[in-house]
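Colleague: Have a look; sequence and predicted model below, questions after that.
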Amino acid sequence: MIKPSFILNFLQSSGWSRKYIVLRSLFTIVYERSIFAFTDE
């Protein structure tokens, strides 16, 4: 699990464009995993 302090440092250090790309990729992975979990039955 990612530590909150690491997240805070990441949000404060990186630019918004890079944050958007990283967050979008993470949410895409989670979204695809949730779909696979539901359709796996």
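Modeller: Everything's here; your move.
Colleague: From residue 39, how far out is residue 10?
Modeller: To residue 39, residue 10 is 32 Å away according to Cβ to Cβ, to the nearest Å. Backbone N, C-alpha and C define where each C-beta goes, glycine included.
Colleague: So which of those two has more stuff around it?
Modeller: More neighbours surround residue 10 than the other of residue 10 and residue 39, with 13 against 7 (other Cβ atoms under 10 Å).
Colleague: what's the neighbour count on the nearest residue to that one once chain neighbours are set aside?
Modeller: Leaving aside its sequence neighbours, residue 10 sits nearest to residue 19 (Cβ to Cβ, 6 or more residues apart in numbering; 7.6 Å). Using other Cβ under 10 Å, residue 19 is surrounded by 13 other residues.
Colleague: Spell out which helix or strand contains residue 19, please.
Modeller: Residue 19 is part of helix 16-39, with elements assigned from DSSP states H and E.
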